[in-house]
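Chemist: show me the folded form of this:
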Amino acid sequence: MTDLDSSDVVRVRLVFSYDGTDFAGWAAQPGLRTVQGVMEDALARFLRHPHTGAVDHVRMTVAGRTDAGVHARQQVAHLDVARPVWDRMPGKSGRSHAQGFRDRLDGLTPADITVHDAAVAAPGFDARFSATERRYAYRICDQRELRDPLTRRHVLWADEALDVDALNEASALLTGLRDFVPFCKARDGATTIRELKEFSWRRETHGPDAGLVVATVRADAFCHSMVRSLVGAVLPVGQGRRDLGWLLRVAGEERRSPAVAVAQAHGLTLEEVRYPADADLAARAQLTRARRE
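Modeler: Okay, the predicted model is just below:
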């Protein structure tokens, strides 16, 4: 985006979170409640041209499309807003344009979405293609005495105890740059080659997750259902029901493996999306688009 004084369009960068329990995923779908659908409906309620009253088609671009039931602690998106509409954001208050935008949107979204920040995006910013990394966490409670009904919407309750060392040994076999087709739902024209930077497990000893077994999964990007498939692939190893040889055979298949049970959605949370320095945003977006193509 060019300088605000000379641009007819303002690119707005949003940071928000949501409880995915009652959403059919991120992407808008007819007749279904989705995060994108709810947020775009809210945006359309106040992004009206100050002179004509017309509402331009509101379309958000998101960093990571989460599946039905998956949560986000820090999701990032962008949208383009006509300059005259942006100019009226503060209203009669002393708020900045960005504060006015954030407050209006947050006030129109339901309780399971919170808008944390709105800002004018740096030149070249694209929420999806400028990102360098997405980080997810998958939370599991494998001790019955620690099951907490207050956190059941984002923690998987497992009936079998997990061996964290075995989980880490299995997960290490899957990291690096490779074709993850055995763990992805294929989409026409989309590559399944990704760089899995980290796939590790730990048993938390303090904080709100104390006692839980938590996976950290980091990559430049993920295929459809890839994170939950990876978790579902290593859990049997951590439970002692499968060995590393089985996992290696699955990882070597040339199609989506029917042997992998996709882990339940509610244990998964998008924790963070990372971007390069502002000066490198455009170049990163161009590089990512070339890789996808």
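Chemist: residues contacting residue 285?
Modeler: Contact analysis of residue 285 by CB atoms under 8 Å, 6 or more residues apart in numbering lists 124, 125, 126, 129, 130. In short, each C-beta sits where N, CA and C put it, glycine included.
Chemist: meant to ask about residue 185
Modeler: Applying CB under 8 Å, 6+ apart to residue 185 gives the contacts 223, 224, 225, 256.
Chemist: could you look up the SS state of it?
Modeler: coil (DSSP: H, G, I helix; E, B strand; the rest coil).
Chemist: that older thread, just the buried residues out of the contacts of residue 185, in ChimeraX syntax.
Modeler: In ChimeraX, this line selects whichever of those come out buried by 16 or more other CB atoms under 10 Å:
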select :223,225,256
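Chemist: Throw the contacts of residue 285 into CSV and include neighbour count and pLDDT, thanks.
Modeler: Shown next, in CSV, are the contacts of residue 285 (neighbours: other CB atoms under 10 Å; pLDDT from 0 to 100):
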residue, neighbour count, pLDDT
124, 18, 97
125, 23, 98
126, 21, 98
129, 21, 96
130, 28, 97
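Chemist: out of those residues, list just those in helices.
Modeler: Counting by DSSP state H, no part of the contacts of residue 285 is found in helices.
Chemist: looking at these, which is nearest residue 85?
Modeler: residue 125 (19.1 Å; CB to CB).
Chemist: contacting residues for the nearest residue to that closest one once chain neighbours are set aside?
Modeler: Distances taken as CB to CB, 6 or more residues apart in numbering place residue 281 nearest to residue 125, at 4.9 Å, with adjacent residues excluded. Residues in contact with residue 281 (CB under 8 Å, 6+ apart) are 122, 123, 124, 125, 126, 130, 275.
Chemist: what do you get if the cut-off is 7 Å, keeping everything else the same?
Modeler: With contact set as CB atoms under 7 Å, 6 or more residues apart in numbering, residue 281 has these partners: 122, 124, 125, 130, 275.
Chemist: tell me how many other residues crowd residue 276.
Modeler: Neighbours of residue 276 under the rule other CB atoms under 10 Å: 15.
Chemist: do residue 284 as well
Modeler: Other residues within reach of residue 284 by the criterion other CB under 10 Å amount to 19.
Chemist: now whichever helix or strand it is part of: buried residues?
Modeler: Assigned by DSSP states H and E, residue 284 belongs to helix 281-292. Residues of helix 281-292 classed as buried by neighbour count (16+ other CB under 10 Å): 281, 282, 284, 285, 288.
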